[in-house]
Structures are given as structure tokens and as C-alpha cells.
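Kindly generate the corresponding structure for this input.
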Amino acid sequence: MATPDPFRDRVAVITGGAGGIGFAMAQAFAARGARIALADLDEAGMAERAKALAARGAEVICVPTDVTRRESVDALADAVWKRFGAAHLVCNNAGIAIAGPLLQATENDWRLTMDIDFWGVVHGVNAFAPRLIEQRQGGHVLNTASMAGLVGMSWLGVYCAAKFAVVGLSEALRRELEPHGIGVSVLCPMIVATSINENSARTRGVPLPPGSQPPPGALRGGVIEADEVARRVVRGIERNDLYVLTHPEQRDFLRRRAARLDALFEPDRWAI
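Purely as a prediction, here's the structure:
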């Protein structure tokens, strides 16, 4: 007898679902039989994506959502329970990326990045996790961070601060939700072929200026498609992995970071 697909008839909620990694995850979940709730500020984009999902047989709703406002995310949760009666997979994925020298970042850059990339995750956790516990059906929370949440990077200091916070939140949340049978993963991709730079500039209200790209060597690693990220997300959720990594190059970066930390415990250093 075949094992039932763990995604079939489950309800997946995805913020930032109108494009990029969010829509790729929606496609991957829908292909496994999940019902989909897309959440985004881009109502036209969501409608177009929902049409594409429905054409492939998926049941999908679109809920305009501003993740920086707790009441908006609460309204998203209400809409999901009203339509589907449950949620099982919550992807706190909405985010922006502001690049540039750290000391040139404005206070607005800091607040906007933290409001979306960090507080958007906090609001998603607070709006959905208590309901997941109460409904006693298990489930999984996936928070989108970045490789910039595991290793500090020049030109991405503001983004790093927000994403490091998301990684720490996710590690702690996993410990707290595990007794309830709810998994937690944190997605930490390197460079993915999406429109995040253009979307971030639009959200910021400032066009991308000439020369806004990081200098050579600031960002490393290959570029992969969002569909490949989604494939790894599905695998990571199935295995209940805490970290979902996307690029083979990440291994060397993380090894070097771990080696630097480990070296601090050498006797001649530790005794000082």
C-alpha cells in the first residue's frame, strides 16, 4: 500500500507569494496536492499566479497582506481558516534586500528592512503558531532567511542583521514547537534568480541608482533558479531539516566560519 503524500490536502500559506521563491514554493506544494493561500501586497501579481495554479488543478486563494502590520497578518490567518478550516504549512517568506556600504545605510533602510524581513516573520509566527498548536494537526513553519543570516557579508550589513535575527528566531522556535509535533525550518539561500532587487527598490521608493551593484567579490557563488530552491524546501520539510541550504558552495563558507570559532578554544588562546 502506497504511503500517503504528506502534502496532499494540506494547506500552505506563503507570504511574498506573488513571485520569486514564494511562487516557486506554491507551485511545488500544489504539485504535491496542497491547497494554497498566497499573501502579498501585489494583488495583480497574486491574481496572475493564482490563475496559473488553478489551471493546474490547485485550490488557491489570494489575500492582500502587509507583513509589517500584525493586524494584516492576523486577517490573513482569519481568511485561511475561514476558507480552509486549517493551515499546516506556514512560509514566512516576504522580504526585501537593501545593498550598500553599511555606514551609508539610512535609518529608513534599517527600519524598512527590519519591519519586513524580521518583523514580518515575527508577525507570521505569532499569528499562526498558536493556531497550529491548538488545532493539533502537526504542521511546519518555514522562515526565509539567507546565507547572509549565517555569514556576515560586506555590502549587505543591514540585510545580514535582519536575516541573522530570523535564523536565531527559527532555531529557538524549533525547540519550542517540537513538543507539539510542529516542525520549523529556516531557508538560507545564496543568490537566486528573482526580481528581489527591483521589488526592493519599488518598496523602498527609491530607484536602483547606477553603480548600485556590489563591487566584485562582495557576493560569491552561482545563481540558481527559484524552482530549485523550492525543490530543496520540499525535501527539507519532508526530512524536517532545521536548515534548508541551496548552493554547494555554502559548505566551504560554513566550514571556514566553524573553523574560526573552533580555533578560539586552542589552549594558548583560551587561557588568556
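
Which stretches in the stretch 151-272 of the chain count as helices?
157-177, 196-204, 226-239, 250-263, 267-270 (DSSP state H, counting those that start in this stretch).

Residue 45 contacts residue 16, doesn't it?
No: contact criterion CB atoms under 8 Å: residue 45 and residue 16 do not qualify, at 10.3 Å. (Glycine included, C-beta is placed from N, CA and C.)

higher neighbour count, those two?
Using other CB atoms under 10 Å as the criterion, residue 45 and residue 16 rank with residue 16 on top: 29 against 17.

The more buried one against residue 96, yeah?
No: the criterion here is CB under 8 Å, and residue 16 misses it with residue 96 at 9.4 Å.

ok so, going back, which one of the helices of the stretch 151-272 of the chain lies nearest to residue 11?
helix 226-239 (13.8 Å; CB to CB).

which outside residues touch that closest one?
Helix 226-239 is contacted from outside by 6-7, 20-21, 23-25, 27-29, 32, 89, 140, 142, 183, 185, 187, 189, 192-194, 241, 243-246, using CB atoms under 8 Å, 6 or more residues apart in numbering.

hang on, the earlier thing: will you turn the helices of the stretch 151-272 of the chain into TSV that also has mean pLDDT?
Converted to TSV, the helices of the stretch 151-272 of the chain look like this (pLDDT from 0 to 100):
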stretch	mean pLDDT
helix 157-177	98
helix 196-204	53
helix 226-239	98
helix 250-263	96
helix 267-270	76
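
To residue 73, which of those helices lies closest?
Nearest of these (CB to CB): helix 157-177, 15.1 Å.

Now do that closest one: everything it contacts.
By CB under 8 Å, 6+ apart, the residues outside helix 157-177 that reach it are 97-99, 101-102, 105, 109-110, 113-114, 117-118, 121-122, 125, 129, 132-133, 141, 143-146, 148-150, 152-153, 183-186, 188, 242.

and it, C-alpha only, in CSV?
C-alpha atoms of helix 157-177 as CSV (Å, rounded to 0.1, in the frame of the first residue of the first chain):
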residue,chain,number,x,y,z
GLY,A,157,25.2,44.6,6.5
VAL,A,158,21.6,45.7,7.1
TYR,A,159,20.2,42.6,5.4
CYS,A,160,22.6,40.5,7.4
ALA,A,161,21.3,41.9,10.7
ALA,A,162,17.7,41.1,9.8
LYS,A,163,18.5,37.6,8.5
PHE,A,164,20.7,36.7,11.4
ALA,A,165,17.7,37.6,13.6
VAL,A,166,15.5,35.3,11.5
VAL,A,167,17.9,32.4,11.9
GLY,A,168,18.1,32.8,15.7
LEU,A,169,14.4,33.1,16.0
SER,A,170,13.9,29.9,13.9
GLU,A,171,16.4,27.9,15.9
ALA,A,172,14.6,28.9,19.1
LEU,A,173,11.2,28.4,17.7
ARG,A,174,12.1,24.8,16.6
ARG,A,175,12.8,23.9,20.2
GLU,A,176,9.5,25.3,21.4
LEU,A,177,7.3,23.8,18.7
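
what distance separates it from the middle of the whole chain?
Centroid separation for helix 157-177 versus its chain: 11 Å, with CA atoms, centre = their mean, to the nearest Å.

ditto for stretch 32-44
On CA atoms, centre = their mean, the centre of stretch 32-44 falls 14 Å from that of its chain.

related to what we said a few turns ago, list just the one of the helices of the stretch 151-272 of the chain that sits closest to residue 62.
helix 196-204 (17.3 Å).
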